[in-house]
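**Student:** Need a 3D model of the sequence below.
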Amino acid sequence: MSGTGLGWPALVPPYRNRLEEWFSTPEKLHASFDTREELVSLLRACDNTLLESSLQLIADALLEWHADNARTVASGRRESRRRLTECLPSVPGTGLSLHEHYNQIALQSPLALLPVLRKRKLATDRVVDRGARATEEIRLRQEYALRLAAIMQEAQLPVCKVLAGVSNAEEAWPRLFGTRRSKTLRNRFRAWDKFREWLLYSRGRSYPEGVADVLDYANERFQEGCGKTVLESLQASLSVIEGVGRVPSTQQISQDPTWQAQLKSYTADLVSAAPPEQPASMLTVAIVLACEIFVCTPGEPSYLRALGFVCLLMVWGSLRADDVQGLLPQTMLLDERGLSIDLARSKTTGPDKRTHTVKVFVERSISLTGHDWLKAGYALWKDFDFERDYLVLKANEGFTEPLEKSVPSSTVALYFRKVLSELKTPKREGRTWKANDQRPLLPGYTSSHFTGHSARNFLSSVGAAIDVDPRELDYLGRWKVGGEGSATYIRTSRQVVHRLQSHIACSLVTGQPKHYIEVDSIKALTDYAAKAGESESQVRRRHTLLEGSKGLGGSWPTLALEVGVAAPPSPVEQVSMPGSRGDYFIVTSRTTGLRRLHMLGCYVKPENCYDVKFVSHVGAEDVDNICKDCKARMKAQAGEEESDPSSSDSGSESM
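**Tutor:** Next up, the predicted model:
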């Protein structure tokens, strides 16, 4: 039994080193004793020179460690048993092994998969954390909720009396803050903590007694030249604490007219004195071309190429760095229509939002250089598509492979800059775009000009410049989700997004029907390069690729796809031709990700479902369960007693 994550006991180095020498692994140490008597005898047998006092101290520490890790070891044993049950041993001397016989039966009838699916679900529910990012969100949310709760308890706000009789107060306090995200609670706590520190040293108390305390603090911060959002953050924190704390509205400082009037006055002065907001720097077309070439260059570090694919996905999917960590890699699919992947968590989607999840689409023929970056990038990420609730993993030192650890969105933005710094200047040789290895596209530290939001605004900005309907541009960034309803967005988004992506890409390549002018974005980049000590003219030459009304030059589409993959058959045609697409189809739930197997002819219609995959053969790794109605039909076809299909729950699939 290995890979349980069990660590060594926390002993001082001489004794811990001896344990590692005697037992080699923590698992062996944990399994070597069950009682104190067994442990004492074992320690004496290993080292008879130990003093009795040292022996008893070591025994106490090991027994405590043994008890604390009992559940971890038990989970590891269950996982080991699960793996054994799914791997039948080979039987020598026969034509086919038991495992091969089992695979044959499973291919002929998916009913044979039921025992494995049942055992796998039970084991997974016990030992696997399906979402490290969601778990971290819950942990941080509870942490900052309890910190804010401590502020209310310290101030003895009315809500404390309400919860005085609650048996499990630790569970009740965090839920007072509703569905506020951990970042929201964190910002409220940080803003209040600074105000509380001022109160302690200036007034000798931890909670304001009246509006005068807030006015004095605001005036002092204003005289210091604070940021334009500092006082607004204080107001937001005050509003949350008083609202959740059940302070009567007539006594709430946040609702005091005098404070609100002064807050507006302070904010207006701070905004007028602050420098104008700068939008995220616009990517140049040369950067997009260089990224495509980079992803398709085998000589570059493999995981850095995979991150280059993420950069292009951010460009064509209009994604922020934070959105990237809400993508579910196990849902990434590349077919005849293009690439699709589920976005489960963003500012407008998530389990506590109206829309739980949406899809991000990239049309299959999208390529400005003729390099099939979608196929190359998809192949790279298929090696890292194990189930998790985030996309980008932590890179090793050389960016050759990832570590199985999540990274925050700030690190994703830094990886974005790392990819940009490695890009080479694209050059055209005949009809082929190649990289000039001797000329970096962004020399020195010029890549710092761009942020994690730069990729998101590229497609919509180019679309607006070439007169695309603004109402349709909202589909690119998924701004339509909240406006017209998630169901309408899901039904129409793929077609609209694909059409817009093709239209914009065609305009960049051919310059028709209207060419894109990127003088402003190149000017901003060259100005930054000059400040960074780089040659302004050199950077301008390397990024100036558009030739006026000719665009990049060439014809559209630039990517020559294989014959027959340009237009997939509709779901209705797929059902009418069962032999051509398989006898089964797998429906993936939009809200839970559950993969349910159906037979053709099931009353669950593929054309009404969100994510459908047609198959001829099914393996245990392909599905999570089987539609009850279809299961009854399978049993009837196999000659078994047919069960009552009226209890089918297959209709619960998210359409």
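
**Student:** Kindly state the pLDDT recorded for Gly178?
**Tutor:** Note on Gly178: pLDDT of 86.

**Student:** for it, helix, strand, or coil?
**Tutor:** When classified by DSSP: H, G, I helix; E, B strand; the rest coil, Gly178 comes out as coil.

**Student:** burial count for it?
**Tutor:** 8 (other Cβ atoms under 10 Å). Every C-beta, even on glycine, is put in place using the N, C-alpha and C of the backbone.

**Student:** what does Val271 give?
**Tutor:** If we define neighbours as other Cβ under 10 Å, then Val271 has 12 of them.

**Student:** Quick check: which element contains it?
**Tutor:** Using DSSP states H and E, Val271 sits within helix 257-273.

**Student:** got it, and Pro426?
**Tutor:** Assessed by DSSP H and E, Pro426 sits inside strand 424-429.

**Student:** Show me which residues of that strand are buried.
**Tutor:** 424-426 (16 or more other Cβ atoms under 10 Å).

**Student:** Please work out the average pLDDT along it.
**Tutor:** Averaging pLDDT along strand 424-429 yields 91.

**Student:** backbone phi and psi for Met282, please?
**Tutor:** Backbone geometry at Met282, expressed as degrees, to the nearest 10, gives phi -80, psi 130.

**Student:** correction: Lys405
**Tutor:** Main-chain dihedrals, Lys405, degrees, to the nearest 10: phi -140, psi 140.

**Student:** Is the nearest residue to it once chain neighbours are set aside within a helix or a strand, and which one?
**Tutor:** Leaving out its chain neighbours, the residue that sits closest to Lys405 by Cβ to Cβ, 6 or more residues apart in numbering is Lys394, at 4.2 Å. Secondary structure from DSSP H and E places Lys394 in strand 393-395.

**Student:** so what secondary structure elements neighbour that strand?
**Tutor:** In terms of contacts (3 or more Cβ pairs under 8 Å, 6 or more residues apart in numbering; DSSP states H and E), strand 393-395 is packed against helix 302-317, strand 402-406.

**Student:** Compare the ones you listed and give me the one nearest Ser502.
**Tutor:** helix 302-317 (10.8 Å; Cβ to Cβ).

**Student:** helices or strands up against the next helix or strand after the closest one?
**Tutor:** Reading on from helix 302-317 to the C-terminus, the next helix or strand found by DSSP H and E is helix 321-324. With contacts taken as 3+ Cβ pairs under 8 Å, 6+ apart, helix 321-324 sits against helix 302-317, helix 409-422.

**Student:** and the helix or strand just after helix 321-324, which residues are buried?
**Tutor:** Per DSSP H and E, the first helix or strand lying C-terminal to helix 321-324 is strand 327-334. Neighbour-count burial for strand 327-334, counted by 16+ other Cβ under 10 Å, picks out 327-329, 331-334.

**Student:** which residues touch the helix or strand just after strand 327-334?
**Tutor:** Counting by DSSP H and E, the element after strand 327-334 in chain order, helix or strand, is strand 338-343. Applying Cβ atoms under 8 Å, 6 or more residues apart in numbering, the contact partners of strand 338-343 are 313, 319, 323, 326-329, 331-333, 349, 357-366, 374, 378, 478, 494, 498, 590, 593, 611.

**Student:** Show me which of those are buried.
**Tutor:** Using 16+ other Cβ under 10 Å as the burial test, those include 313, 319, 323, 326-329, 331-333, 349, 357-366, 374, 378, 478, 494, 498, 590, 593, 611 as buried.

**Student:** looking at the helices and strands packed on strand 393-395, which is buried most?
**Tutor:** Neighbour counts (mean count of other Cβ atoms under 10 Å) averaged over each of the helices and strands packed on strand 393-395 peak at helix 302-317, with a mean of 24.

**Student:** Which secondary structure elements does that one sit against?
**Tutor:** Using 3+ Cβ pairs under 8 Å, 6+ apart, the elements in contact with helix 302-317 are helix 285-295, helix 321-324, strand 358-363, helix 373-382, strand 393-395, helix 409-422, helix 456-465.

**Student:** which one of those is the most hemmed in?
**Tutor:** Neighbour counts (mean count of other Cβ under 10 Å) averaged over each of these peak at helix 285-295, with a mean of 26.

**Student:** So which bits of stretch 206-218 are buried?
**Tutor:** Within stretch 206-218, the residues that count as buried by 16+ other Cβ under 10 Å are 207-208, 211, 213-215, 217-218.

**Student:** Ser537 falls within a strand, correct?
**Tutor:** No - going by three-state DSSP, the assignment for Ser537 is helix, not a strand.

**Student:** contacting residues for it?
**Tutor:** Ser537 makes contact with Thr526, according to Cβ under 8 Å, 6+ apart.

**Student:** Domain parsing of the chain, as residue ranges.
**Tutor:** Taking automatic domain parsing as the reference, the chain has its domains at 13-81, 133-273, 285-550, 571-652.

**Student:** Would you mind measuring the gap between the ends of the shortest one?
**Tutor:** By that I understand domain 13-81. Start-to-end span of domain 13-81 (Cα to Cα, to the nearest Å) is 34 Å.

**Student:** Over to the third one?
**Tutor:** Distance between the boundary residues of domain 285-550 (Cα to Cα) amounts to 14 Å.

**Student:** heads up, I number from 740, so please use that
**Tutor:** Shifting the count to begin at 740 puts that one at domain 1024-1289.

**Student:** just how off-centre is that domain within its chain?
**Tutor:** Centroid displacement of domain 1024-1289 relative to its chain, using Cα atoms, centre = their mean, to the nearest Å, is 16 Å.

**Student:** again, but for the first one
**Tutor:** For domain 752-820, the separation from the chain centroid amounts to 40 Å (computed by Cα atoms, centre = their mean).

**Student:** before we move on, the earlier item: got a list of contacts for the strand holding Pro1165?
**Tutor:** Applying Cβ under 8 Å, 6+ apart, the contact partners of strand 1163-1168 are 1025, 1028-1029, 1032-1033, 1108, 1172-1176, 1178-1180, 1281, 1284, 1292.

**Student:** So what are the sheet partners of it and their directions?
**Tutor:** Applying DSSP bridges to the sheet, strand 1163-1168 is found paired with strand 1171-1179 (antiparallel).

**Student:** re the thing from before, secondary structure and distance to Glu803 added to the buried residues of stretch 945-957, as a markdown table?
**Tutor:** Output for the buried residues of stretch 945-957, formatted as a markdown table (DSSP: H, G, I helix; E, B strand; the rest coil; distance: Cβ to Cβ, whole Å):
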| residue | secondary structure | distance to Glu803 |
| --- | --- | --- |
| Tyr946 | coil | 41 |
| Pro947 | coil | 46 |
| Val950 | helix | 53 |
| Asp952 | helix | 48 |
| Val953 | helix | 49 |
| Leu954 | helix | 54 |
| Tyr956 | helix | 48 |
| Ala957 | helix | 52 |
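
**Student:** Turn those into a markdown table, columns for distance to Val779.
**Tutor:** Listed next are the buried residues of stretch 945-957 as a markdown table, based on distance: Cβ to Cβ, whole Å:
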| residue | distance to Val779 |
| --- | --- |
| Tyr946 | 55 |
| Pro947 | 60 |
| Val950 | 67 |
| Asp952 | 62 |
| Val953 | 64 |
| Leu954 | 68 |
| Tyr956 | 62 |
| Ala957 | 66 |
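
**Student:** and Glu1102, how far is that from Leu1212?
**Tutor:** Shown here: Glu1102 relative to Leu1212, a distance of 16 Å by Cβ to Cβ, to the nearest Å.

**Student:** where does the helix or strand where Arg1372 lies sit relative to the chain's centre, distance-wise?
**Tutor:** Arg1372 is part of helix 1367-1376 when elements are defined by DSSP H and E. Taking Cα atoms, centre = their mean, the mean C-alpha location of helix 1367-1376 is offset from the chain mean by 37 Å.
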